[in-house]
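**Student:** here's a sequence, model it:
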Amino acid sequence: MARRPLPRILSSGSASITRSREIARTAADNATDVLHPLITVTRGMRLLAGAGRQKWTATPRDRRGHVLFLVAACVLAVALIPYGPLLALISVMGAAAWRGRDRTPARTGPDEAGTARLQALYEALVPHFSVPDDPAPLFSHGGDWEKTFGTSYVFDADGRLTRLQVTYPAYFTDGDPAARSRVEQVLHAKSGRGREYHFAWDEESNQLLMTVLPPLPTTIAAQRFVTAPGETVLGFTDADAVRRTVPVEDGDVTRDASPVIWRTGGRSTEPHLLVVGHPGSGTTTLMRSLALQALQQGDVLVVEGGGTGEYGFLAGRDGVLAVERGLAGALATLEWAAHETERRLIAANRARQSGHPEPEDIGRPLWILLDRPSALGHLAAADGRQDPQELLRVPLRHGRAAGVTVVVAEQFDNLHALDQTVRTHTRARVVLGPADRDEVEAVLGAQPHTTPTPDVPPGRGYTRLGGGPVLRLQVPATPDPYDDATSEAHRTAVLDLLPGGAPAVEAVQEALPEPEPEPEIVSTHKDRLIGAPATAER
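**Tutor:** From the prediction side, this is the model:
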């Protein structure tokens, strides 16, 4: 059966309608182009009228009369000026045209590369923030990243994320450190390695804020810091991590920096310190910085297990009781320190029982700095002698009441060789150098809220005082002033902090009779590294 043809009016109607729409659209475009100046001026007049209405509404009632009088005076002045109304009309039209011009809206969203990066980051978080039973998941494969990221993201000039706020579902176990660590590792890997990220978990609002931390300054050298008695500056941290600032000399300028203050003495809850790091991480730099600060108010005993002579510049100075590098001298010095701690305790106890103030000879703080005790422990075990760490038990247990502070520095490789007493009583901890999150947690007892980077400058690490938060730390530059690689500015800064008294080698040379002149000249740098005798009692 053949089809019957449609009526002519129905077959040609669609073509006529399409042609009419094209004609109407063309006419509208032409009219818009012709009337564009009038449209712009009209839109500007409307905006100016609205602004004037808002200004009039915001004017107090008692001042509206003065405003009307001022406007009337201006209109009268314009009317009396030759060509005044014409100039006023041209000015109003120009202002209206400027106010009503087309403004291209600024681009607020990310570009194509940023959108692709955010989508990839969203897809990577799907396995961690989704469950199969969720009827309306925030994270799903192929979903919209704007639901979870919103507009809380910032890119740097290279197109990498510097700030990102993630809204996660309420059923995510944000109280589990392992679950947090997995999410942080994903964000770290997808946002770009080589930078240090800070993660702030808001468990109440189910939000995670990731920010890129700027590097801590490494230009602050050793100097006299503004601190109270019993306070020691370990280094400097982020401005929002602590509430206190101290003035420091940073190169040629003086500025405020955020210090990490370690309090020692009778009222301290963390009277002893443990410093751990890899070779070249800056542990010796921190020990030198602590020694220079301790000499301002107390006496110092230095025992160096490494035997490199990096504390030789302290020998013979006022307040430095001994600088030992050998096993025999170290044992003698630490044994004297143990007896001195007991003597101070007995003297303080007798003074309290008799109602008298403490004697002056026990009021001066005593610092015991032990660098790499494991090396001395190996030598003692080979000779069948006592481990030097055993002599630290009395100062560690009773040092706070006796005014004795113990600082122990060790490397990660020999961390297992530390005595249990040292581990128990050194509640202030510092980790320096490149270390992963597990190594930092093994020393500090908690993981940092940032991602450690593999390449860090010397003296860079983390610290935790007791049960407090884990803070980033940058130790002040305190090199060996007798090292040939030390700059003149750092050498001068360290030598200016040393107390009076000649170095040990100069004192010995003055006491000896003048020898006969010899043609061979002895190196001054090498002589300065000779340690002082082990007899600390004077």
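
**Student:** if I look at the residue nearest the centre of the chain, how far off is A337?
**Tutor:** For the chain, the residue nearest the mean C-alpha position is D238 (3.6 Å; C-alpha atoms, centre = their mean). Distance check for D238 against A337: by C-beta to C-beta, to the nearest Å, it reads 36 Å. All C-beta atoms are positioned from the backbone trio N, CA, C, and that covers glycine.

**Student:** go on, D202?
**Tutor:** Going from D202 to A337 by C-beta to C-beta gives 48 Å.

**Student:** now swap in P458 and tell me
**Tutor:** Applying C-beta to C-beta, the value for P458 to A337 is 29 Å.

**Student:** more crowded one of these two?
**Tutor:** Between P458 and A337, A337 has the larger neighbour count (other C-beta atoms under 10 Å), namely 26 against 20.

**Student:** was I right about that one contacting V404?
**Tutor:** Yes. Assessed by C-beta atoms under 8 Å, A337 is found in contact with V404 at 7.3 Å.

**Student:** ok, back up a step: what about the residue nearest to the centre of the chain, helix or strand, and which?
**Tutor:** According to DSSP states H and E, D238 maps onto no helix or strand at all.

**Student:** give me the spatial nearest neighbour of it, chain neighbours excluded.
**Tutor:** Nearest residue to D238 in three dimensions, chain neighbours excluded: R472, at 5.9 Å (C-beta to C-beta, 6 or more residues apart in numbering).

**Student:** tell me if that neighbour really is in a strand.
**Tutor:** Yes. Counting by DSSP: H, G, I helix; E, B strand; the rest coil, R472 is part of a strand.

**Student:** for it, give me its contacts.
**Tutor:** 196, 213, 216, 237-238, 241, 448, 450, 460-462 (C-beta atoms under 8 Å, 6 or more residues apart in numbering).

**Student:** against E410, how distant is it?
**Tutor:** Look at R472 and E410: by C-beta to C-beta, they are 21 Å apart.

**Student:** related to what we said a few turns ago, sort out for me which of the contacts of R472 are in strands.
**Tutor:** 460-462 (DSSP state E).

**Student:** just the element for V260, please.
**Tutor:** Going by DSSP H and E, V260 is in strand 259-263.

**Student:** for that strand, C-alpha coordinates in PDB please.
**Tutor:** Written as PDB, here are the backbone C-alpha positions of strand 259-263 (Å, rounded to 0.1, in the frame of the first residue of the first chain):
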ATOM      1  CA  PRO A 259      61.700  30.100  69.000                       C
ATOM      2  CA  VAL A 260      61.300  26.700  70.500                       C
ATOM      3  CA  ILE A 261      62.000  27.300  74.200                       C
ATOM      4  CA  TRP A 262      63.300  24.400  76.300                       C
ATOM      5  CA  ARG A 263      63.000  25.000  80.100                       C
END
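
**Student:** chain center to it: distance?
**Tutor:** Distance, stretch centre to chain centre, for strand 259-263: 14 Å (C-alpha atoms, centre = their mean, to the nearest Å).

**Student:** list the contacts of it.
**Tutor:** By C-beta under 8 Å, 6+ apart, strand 259-263 touches 225, 227, 230-237, 242, 244-246, 270, 273, 428, 463, 465, 471, 473.

**Student:** just the buried members of those residues?
**Tutor:** 225, 227, 230-237, 270, 273, 428, 463, 465, 471, 473 (16 or more other C-beta atoms under 10 Å).

**Student:** what bridges to the residue nearest to D238?
**Tutor:** Y462 (DSSP bridges).

**Student:** same thing with the one 5 residues further on?
**Tutor:** The residues listed as beta-bridge partners of A477 by DSSP bridges are A221.
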